[in-house]
Structures are given as structure tokens and as C-alpha cells.
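Asker: this one's sequence-less:
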């Protein structure tokens with residue numbers, strides 16, 4: 001099988017996926033910034049769209065930046081799929097397309113959208129556009145919604161929490177009890193491989209990806225301390241005080257604001273039942289805690 005990956009292999013997910021696919025598939029990673037490759041004789045069976053914009057630690061990105069990367073380029077990628085020999089289009093969306101803050105019950109693929117940021121809204125807009133398109137006979141569309149994906153090279157919220165703990169700053173959120181779904185990059189690549197191997201068994205539609213188990217913020221901090229050996233103290237501040245501090249952070253440069261507090265302490269659980277049934281997956285290569293430990297070890301390199 002030949003696999004064309006749009007988005008290149010220099011990014012976090014692309015770099016891992018390129019290593020994962022090389023042993024079983026003939027793959028080609030290309031950038032949407034340079035379409036010269038379209039004249040090549042590479043005829044893919046599957047196209048994976050990794051193009052998108054997620055993290056903005058500078059605070060300079062505008063709403064139109066997210067919509068261009070996550071919506072307009074998704075449409076362009078789909079047009080490439082239609083004009084190609086590929087029979088399968090895998091679009092990497094995000095759980096943020098339907099929920100970015102909190103879900104008390106495990107989210108299924110049928111959950112109502114509750115996106116609030118340009119990132120989440122642009123991801124949802126792309127999903128809706130793709131699902132509204134007419135697929136030619138013999139072609140399939142798979143939309144994947146992972147929660148936060150972590151692993152070596154990740155620069156997201158988990159990496160920020162790791163840096164906070166490593167600086168010896170007392171962790172003040174121990175009073176908050178939560179459950180959140182994550183996805184290790186190893187398990188992400190495993191899902192992609194299984195879709196490619198069993199593409200005849202999976203139908204067009206949206207599928208949630210996630211590790212089988214959830215993790216709490218307190219568990220994550222504990223693992224970071226175990227893996228690093230740093231005895232960073234915990235500071236069990238009252239919830240009311242922490243919430244007040246986060247509101248101050250909304251108006252100042254404090255590292256904790258109400259948005260970040262919600263991301264660290266709320267429940268956000270994802271059901272991966274649909275895709276596991278479709279692909280006859282009984283267990284993933286890594287448990288949630290094993291994947292977390294692999295990621296923390298990579299941060300120390």
C-alpha cells in the first residue's frame with residue numbers, strides 16, 4: 001500500500017508517523033506549501049491529512065490563521081484526494097471540534113459541538129464541510145478526533161506542566177480531582193496502522209481516538225516526580241483561593257488563568273469504543289500511564 005501524508009514529517013505527529021509507516025507501507029510525506037510533487041508518479045492508495053494549526057504560545061495568531069490552516073487547507077487536501085487514485089482519505093481533526101473544556105460523561109462521536117476557541121471551531125467547520133461532500137463510488141472518508149496527543153517532541157500543555165514541576169514550583173491544584181483522556185503518540189500511530197491494514201472493515205465517518213484509561217492531573221504530577229526524581233512540593237490550596245488567583249491571572253501575566261485552570265482540573269473523557277469495535281482492537285500497545293512515562297522520559301533527553 002502507498003500512503004501520501006499531507007503536512008510533512010517535520011512536525012510532532014508527522015515525525016513519529018513517518019517512522020511508524022516505513023516498515024509496512026511505502027509512504028511519501030509532502031508539504032502543502034509546495035505542490036511540485038503533484039507531478040510525480042506516486043499513486044497513493046490512501047491520503048492522510050495532518051495539515052493544521054493547534055498551539056499558539058505567542059498569542060499572536062488570529063482567527064483567520066486557524067481557519068486557513070484547519071478549514072481552507074482541509075478543503076484543498078480533500079480536492080487532492082478526489083483527483084487522486086486514493087480510495088481512503090484520513091483527516092486528522094481534534095476532540096476540540098466538539099469539546100475543549102469539560103465533559104462529565106465519556107464523549108461519543110454523536111456528542112453536540114461545544115467548541116469555544118477559533119481552533120476548535122475551525123476544526124469543526126472542516127468536519128462539517130467534509131461530511132457534506134459527495135464521495136465517488138469506492139472512496140471512503142475517515143475523520144479522527146484525538147484528545148491531547150503526547151510524546152517525544154511534544155510542546156503542548158503536558159510539556160508546560162513538566163517544566164513547571166521541574167522548576168520546583170509547588171503544585172497548587174491537589175484539591176482538584178479529575179479524569180481526562182489522553183493519547184500517546186505510540187497508540188496514535190497504532191490506530192493509523194490498523195486503519196490502513198483493515199481499511200475494508202471501517203466505514204466512512206467520525207471516530208474518536210484515546211488511550212483506554214484516563215489520567216488525573218495529580219497522577220500526571222506524581223509520574224513526573226517519579227521519573228525525574230525531583231521532590232517538588234505540593235501545595236494543597238483551597239479551591240476557592242485557586243479560582244480567585246486564576247481570575248487575577250486573566251488580567252495579569254500569572255501562569256495560571258481561568259482557561260488554563262479548567263484545562264488542568266476539569267473532567268474530559270473520551271470513548272474509543274466505536275473504532276476499537278470497527279477494527280477488532282482488544283488492547284492498545286501502551287496503557288495511559290505507560291505512554292505518559294515514555295513521554296516524560298523523552299522530555300529529559
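Answerer: Okay, I see it. Computed from a predicted structure; not experimentally measured.
Asker: for this structure, which helix extends over the most residues?
Answerer: Ranked by residue count, the top helix of the chain under DSSP state H comes out as helix 118-132.
Asker: show residues contacting that helix.
Answerer: 52-54, 56, 61-63, 65-67, 69-71, 74-75, 78, 91, 93-94, 96-98, 100, 113, 115, 141, 143, 206 (CB atoms under 8 Å, 6 or more residues apart in numbering). For every residue, glycine as well, the C-beta is placed using N, CA and C.
Asker: filter those residues down to the buried ones.
Answerer: Neighbour-count burial within those applies to 52-54, 66-67, 69-71, 74, 78, 91, 93-94, 96-98, 100, 115, 141, 143, 206; the criterion is 16 or more other CB atoms under 10 Å.
Asker: now, the residues you listed that are in helices?
Answerer: Secondary structure from DSSP H places 66-67, 74, 78 of the buried ones among the contacts of helix 118-132 in helices.
Asker: my guess is residue 29 meets residue 13, correct?
Answerer: No: judged on CB atoms under 8 Å, residue 29 makes no contact with residue 13 at a distance of 11.0 Å.
Asker: between the two, what contacts are shared?
Answerer: Applying CB under 8 Å, 6+ apart, one finds that residue 29 and residue 13 are jointly contacted by residue 7.
Asker: out of those two, which sits in the more crowded spot?
Answerer: residue 13 (24 against 21; other CB atoms under 10 Å).
Asker: can you pull the contacts of the more buried one?
Answerer: 7, 50, 92, 149, 185, 188.
Asker: now those in TSV, with neighbour count?
Answerer: What follows is these, written out as TSV (neighbours: other CB atoms under 10 Å):
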residue	neighbour count
7	21
50	20
92	25
149	25
185	25
188	25
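Asker: adding pLDDT, write those residues out as CSV.
Answerer: Output for the contacts of residue 13, formatted as CSV (pLDDT from 0 to 100):
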residue, pLDDT
7, 89
50, 96
92, 98
149, 95
185, 98
188, 98
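Asker: determine which two of these are furthest apart.
Answerer: Pairwise distances across the contacts of residue 13 peak at 14.8 Å for 7 and 185 (criterion: CB to CB).
Asker: just send the contacts of residue 13 back as a markdown table, with distance to residue 260 and secondary structure too.
Answerer: Output for the contacts of residue 13, formatted as a markdown table (distance: CB to CB, whole Å; DSSP: H, G, I helix; E, B strand; the rest coil):
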| residue | distance to residue 260 | secondary structure |
| --- | --- | --- |
| 7 | 27 | coil |
| 50 | 26 | coil |
| 92 | 24 | strand |
| 149 | 19 | strand |
| 185 | 23 | helix |
| 188 | 24 | helix |
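Asker: for the protein, give me the ranges with low pLDDT.
Answerer: Within the chain, the ranges that satisfy pLDDT under 70 run 35-39, 55-59.
Asker: what ranges do the helices span in it?
Answerer: 12-21, 63-67, 73-82, 118-132, 157-166, 185-197, 217-228, 239-251, 258-265, 273-278, 288-299.
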